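[1] my questions are about this predicted structure, shown below with the sequence.
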Amino acid sequence: YNGLCSFQKSQSVIISGESGAGKTVSAKQCLRYIGRVAGGVQGIEKSVFMANPILEGFGNAKTVRNNNSSRFGKYVEIWFNRENKMCSAQTKNYLLEKVRVARQGKNERNFHVFYQMLNDSQLRNQYGLGSPDQHYYTYTCSTAAGIDDVQDFADMRSAMQQLSFSQQESNDIFTLLA
């Protein structure tokens, strides 16, 4: 951020490492720091950070090496105005591990969102779903240490509301997943 302010040139932060190295946590800390020091126009800095529960629910899974492993890459572009305040942002995902939807290894989980939905009794009743251990795509490993599917789902739904997903859009997403 200081380079942006001092030199008025685009800056980059690249976070890389092997599985379990802390890339997801580091990215959150970077975004939180930039949001604090730069601030934003109309709360954009909060919106950038608020996308994380949605991205993690749909893109993270338990692997044998890491209980909250990102199965995708994330490229976040943040634009700043002349006062060096965040004014816009865009997140692009790439390399989503699509095979995980159809098959997981022993002691691995599918994407978190499936378990989150299956631990919500209202959605289970609405869509006629069973518990995670009753479904082919989720039975191999229905829990993961340190992952609270109920709270994470509440956080994701709150993020969807705060990011202006309509109730119909949310319902359509959950219908598709069910």
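    Happy to help now that I have it.

[2] who touches the lowest-mean-pLDDT helix or strand in the chain?
    Using mean pLDDT, DSSP states H and E, helix 99-102 stands out as the lowest-scoring helix or strand of the chain, at a mean of 72. For helix 99-102, contacts defined as C-beta atoms under 8 Å, 6 or more residues apart in numbering pick out 61, 71, 108, 110-111, 137. Any C-beta I mention is one placed from the backbone N, CA and C, and that applies to glycine too.

[3] buried residues in the longest helix anywhere in the chain?
    If you go by DSSP state H, the chain has its longest helix at helix 23-38. Neighbour-count burial for helix 23-38 flags 23-24, 27, 31, 34-35, 38 (criterion: 16 or more other C-beta atoms under 10 Å).

[4] will you turn those into JSON lines that also has pLDDT and distance to residue 146?
    Listed next are these as JSON lines, based on pLDDT from 0 to 100; distance: C-beta to C-beta, whole Å:
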{"residue": "23", "pLDDT": "84", "distance to residue 146": "16"}
{"residue": "24", "pLDDT": "82", "distance to residue 146": "13"}
{"residue": "27", "pLDDT": "86", "distance to residue 146": "18"}
{"residue": "31", "pLDDT": "87", "distance to residue 146": "21"}
{"residue": "34", "pLDDT": "89", "distance to residue 146": "26"}
{"residue": "35", "pLDDT": "87", "distance to residue 146": "25"}
{"residue": "38", "pLDDT": "89", "distance to residue 146": "31"}
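
[5] tell me where this protein has strands.
    60-61, 69-70, 73-80, 86-94 (DSSP state E).

[6] and of the ones you listed, who's closest to residue 152?
    Comparing the strands of the chain against residue 152 with C-beta to C-beta, the closest turns out to be strand 60-61 (9.5 Å).

[7] just the strands of the chain: most buried one?
    strand 60-61 (a mean of 24; mean count of other C-beta atoms under 10 Å).

[8] quick one: contacts of that one?
    Contacts for strand 60-61 (C-beta under 8 Å, 6+ apart): 24, 68-71, 97, 100, 104, 108-112.

[9] one step back: can you list the buried residues of helix 23-38 in a markdown table and add distance to residue 159?
    Below are these laid out as a markdown table (distance: C-beta to C-beta, whole Å):
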| residue | distance to residue 159 |
| --- | --- |
| 23 | 20 |
| 24 | 16 |
| 27 | 16 |
| 31 | 14 |
| 34 | 19 |
| 35 | 15 |
| 38 | 21 |
